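Visitor: Pasting the sequence and the predicted coordinates here, then a few questions.
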Amino acid sequence: MPKSKKDSSSEIAKMAGIHEQLKEQTDRLNTVLINLRYEGKTNLGKNLKEVWGILFFFEKEVCLHVEAEEKLLFPFLQAHVPRLEPLINLFHSEHEDFKRNLKRFRLAMEELCGENGDHHRAKRIDNVREIGTYLIYLLRQHMAAEEESIYKAVLHELHQGEREELEKLIASHRASKAA
Ligand SMILES: [Fe+2]
Ligand SMILES: [Fe+2]
């Protein structure tokens with residue numbers, strides 16, 4: 001049955017695909033945070049620009065992804081695979097933790113960019129690195145746990161009809177966001 005093409009373009013596959021992009025961004029952030037600390041003033045502007053790019057990506061793409069999980073995927077799975085309820089509650093609180101720390105990360109970046117003194121700048125860089133490292137850790141383990149549980153459940157535990165219903169829900173949510 002030629003279904004692989006359909007699967008790769010499915011809404012659920014697209015949602016899982018965002019995780020791959022996110023993993024790349026967390027890897028990049030990890031490298032830039034090290035560069036920010038050790039490359040000094042010469043590359044400061046370039047490294048800061050790169051961190052801002054990743055921060056914007058998190059603020060836009062991750063928040064859209066989180067919203068789709070919270071509004072569609074989680075309630076649907078709670079209704080159809082009740083044993084996932086405790087895990088979904090955990091994922092929900094991790095989303096809140098992520099959003100809180102993303103705001104702290106932006107604030108730390110704004111403070112760093114407004115700093116002129118070398119001594120204080122070093123402290124502000126440490127602060128950005130500390131929060132950034134926490135975000136990287138949080139995102140990586142959160143995505144891995146989601147993939148092992150809820151995304152697997154969508155593929156292996158929902159019936160064909162349920163999966164199609166979920167596909168339609170995600171598609172109409174996407175369309176409403178694009179409008
Ligand atoms: Fe999530
Ligand atoms: Fe996710």
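Guide: Structure received. Numbers count the residues shown, from 1 in each chain. Ligands and ions are numbered 1, 2, ... in the order given.

Visitor: For the nearest residue to residue 32 once chain neighbours are set aside, pull up the helix or strand it's in.
Guide: Sequence neighbours aside, residue 50 is the residue nearest to residue 32 in space, at 4.8 Å (criterion: C-beta to C-beta, 6 or more residues apart in numbering). All C-beta atoms are positioned from the backbone trio N, CA, C, and that covers glycine. If you go by DSSP states H and E, residue 50 is part of helix 44-57.

Visitor: still on that earlier bit, verify the stated contact: the residue nearest to residue 32 with residue 28.
Guide: Yes. At 7.4 Å, residue 50 counts as touching residue 28 under the criterion of C-beta atoms under 8 Å.

Visitor: Spell out the secondary structure type for the residue positioned nearest the centre of the chain.
Guide: A centroid search over the chain (C-alpha atoms, centre = their mean) returns residue 62, at 4.0 Å, as the residue closest to the centre. With DSSP: H, G, I helix; E, B strand; the rest coil as the basis, residue 62 sits in helix.

Visitor: Surely it and residue 22 touch.
Guide: Yes. With contact defined as C-beta under 8 Å, residue 62 counts as touching residue 22 (6.5 Å).

Visitor: which residues are common contacts for those two?
Guide: Each of residue 139 lies in contact with both residue 62 and residue 22 under the rule C-beta atoms under 8 Å, 6 or more residues apart in numbering.

Visitor: This completes my enquiry, with thanks.
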